[in-house]
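**Student:** This is the structure alone, sequence omitted:
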């Protein structure tokens, strides 16, 4: 079964993929027990301490009325606008982001604080940041930030005992 965690660029999915191929769309986060481990799974854009401006923008984009208004505009105008907006959020010609200090990463800080409320979580799995991190918070608890499929070609594999970050290579 495929679970798609809606992120900041995915809020327009609605129900097409779930209807057509049975994909489960998750808006927010989930806690799942898989094997003997407990996972906190999230895209990552809506967790932790968020600036007021981001929360307002996120609320506007996720508002059904605003989405209906936007969908009423012809795609000839909305698609170029959306692409410009999306591209402005990061410079695609820049170098691939690197995290030299995972302890200062906002998603790692979120996971550390969340463990205080639910100390049974073994793995926090996030996307969103376009960086690859496998950070052990303390024994038995780690944060995985998956990177992305554009620059890193990265993903994670859970074998029932631990998680390994892998990179897709077409030459394998």
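**Tutor:** Received the coordinates, thanks. Because the structure is a prediction, the values reported are computed rather than measured.
**Student:** ok, the closest residue to residue 123 other than its chain neighbours to residue 104 distance?
**Tutor:** Ranked by CB to CB, 6 or more residues apart in numbering and with sequence neighbours excluded, the top spatial neighbour of residue 123 is residue 39, at 4.9 Å. Heads up, the C-betas are built off the backbone N, CA and C, glycines and all. Per CB to CB, to the nearest Å, residue 39 is found 23 Å from residue 104.
**Student:** So which of those two has more stuff around it?
**Tutor:** For residue 39 versus residue 104, neighbours defined as other CB atoms under 10 Å are more numerous around residue 39 (19 against 9).
**Student:** excluding its backbone neighbours, what's nearest the most centrally placed residue in the chain?
**Tutor:** Closest residue to the average C-alpha location of the chain: residue 43 at 2.1 Å, with CA atoms, centre = their mean. Excluding its sequence neighbours, the residue lying closest to residue 43 (CB to CB, 6+ apart) is residue 7, at 3.7 Å.
**Student:** same question, residue 48
**Tutor:** Going by CB to CB, 6+ apart, residue 48 has residue 110 as its nearest residue, at 3.7 Å.
**Student:** how about the helices in this structure?
**Tutor:** Secondary structure of the chain, counting by DSSP state H: helices at 16-21, 52-62, 64-71, 75-88, 106-117.
**Student:** now the second one against helix 64-71, angle please.
**Tutor:** Taking axes from the mean of the first three to the mean of the last three CA atoms, to 10 degrees, helix 52-62 and helix 64-71 form an angle of 70 degrees between their directions.
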